[in-house]
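Q: Compute the structure for the input listed below.
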Amino acid sequence: MEDLSFDIRKGEIFVILGGSGCGKSTVLKHMIGLLPPISGRVLINEQDMVTATGKSRIRLLRQIGVAFQNSALFGSMTVLENITLPLKEYTLLPEDAVNTIARAKLGLVDLAGKGHLIPGELSGGMKKRAAIARAIALDPAIVFLDEPSAGLDPLTSAEIDLLIMDLARTLGITFVIVTHELESIFTIADTVIMLEKDTKGIIARGNPKDLKADPANAYAYQFFNRKPKRDKKP
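A: The predicted structure follows:
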């Protein structure tokens with residue numbers, strides 16, 4: 001990707017989408033600081049993630065939470081222990097307080113009473129919920145989700161969509177989501193940007209329902225309406 005520039009408003013659900021291999025996950029890694037961009041800035045509340053070091057970087061990292069596509073839960077730990085990790089790493093709270101907060105986060109994602117289980121005992125949807133609970137453990141302003149519906153059946157995927165919308169509304173969290181699941185996009189997204197592999201940039205941005213109805217951008221229109229580039233003869 002080259003020359004990307006976009007703003008994300010506080011409290012919105014912002015989706016990064018595009019076809020396979022277009023660079024969605026790479027953009028996400030730049031935004032959360034896993035990959036340094038060759039040039040440019042990643043600003044969080046006007047503070048640059050790229051140049052921040054030491055305590056300044058730690059303060060920025062505390063403002064974000066991340067849930068990866070494969071959930072990235074530690075298999076040798078219980079669900080509760082997974083949720084307590086960021087609390088133990090970034091706070092000086094006593095253990096009782098840490099566990100209380102972690103249980104509260106599990107309750108927010110409908111996993112109350114499941115803290116004693118290990119990730120191998122969870123369903124795919126429960127793993128996604130546990131990963132989100134860990135992502136919100138420190139009450140971040142922004143939560144990044146990489147393919148939150150990947151590998152889930154339609155009903156479980158819809159439940160994850162509802163959870164994201166509930167958390168955005170009740171906690172005021174800004175969500176940045178990488179996905180290509182159209183049904184989820186139309187359900188949850190306030191704003192989308194669409195990346196395209198050949199042009200190496202953003203080819204469409206706006207509300208997904210508006211983009212679906214606008215044939216002016218041929219590729220975006222085809223993508224949102226699931227129309228192939230040309231009709232194939234039988």
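
Q: What separates the first and last residues of stretch 186-205, distance-wise?
A: This stretch, stretch 186-205, spans 14 Å end to end (CA to CA, to the nearest Å).

Q: for it, what is the average pLDDT?
A: Computed over stretch 186-205, the mean pLDDT rounds to 91.

Q: what residues does it touch?
A: Outside stretch 186-205, the residues that touch it by CB atoms under 8 Å, 6 or more residues apart in numbering are 1-4, 6, 8-9, 12-19, 21-24, 27, 158, 161, 164-165, 175, 177, 185, 206-209, 211-212, 217, 219-220, 223. Yep, even glycine has a C-beta here, placed from its N, CA and C like the rest.

Q: which residues of the protein fall in strands?
A: 13-18, 43-44, 47-48, 64-67, 142-146, 174-178, 191-196, 201-206 (DSSP state E).

Q: Include distance to residue 152 and mean neighbour count when you put those strands into JSON lines, please.
A: Below are those laid out as JSON lines (distance: least, CB to CB, whole Å; neighbours: other CB atoms under 10 Å):
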{"stretch": "strand 13-18", "distance to residue 152": "17", "mean neighbour count": "24"}
{"stretch": "strand 43-44", "distance to residue 152": "29", "mean neighbour count": "16"}
{"stretch": "strand 47-48", "distance to residue 152": "35", "mean neighbour count": "14"}
{"stretch": "strand 64-67", "distance to residue 152": "13", "mean neighbour count": "23"}
{"stretch": "strand 142-146", "distance to residue 152": "13", "mean neighbour count": "22"}
{"stretch": "strand 174-178", "distance to residue 152": "14", "mean neighbour count": "23"}
{"stretch": "strand 191-196", "distance to residue 152": "20", "mean neighbour count": "21"}
{"stretch": "strand 201-206", "distance to residue 152": "26", "mean neighbour count": "18"}
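
Q: how close does the residue nearest to residue 154 when sequence neighbours are not counted get to residue 223?
A: Distances taken as CB to CB, 6 or more residues apart in numbering place residue 183 nearest to residue 154, at 7.7 Å, with adjacent residues excluded. Using CB to CB, to the nearest Å, residue 183 is found at 14 Å from residue 223.

Q: Same drill for the two, tell me which one is more crowded.
A: residue 223 (21 against 12; other CB atoms under 10 Å).

Q: surely the more buried one meets residue 19?
A: Yes: when contacts are counted by CB atoms under 8 Å, residue 223 is listed as touching residue 19 (7.3 Å).

Q: Any idea which of the strands of the chain gets closest to residue 79?
A: strand 64-67 (13.7 Å; CB to CB).

Q: who does the closest one touch, helix- and strand-wise?
A: Contacts defined by 3 or more CB pairs under 8 Å, 6 or more residues apart in numbering; DSSP states H and E place strand 64-67 against helix 124-135, strand 142-146.
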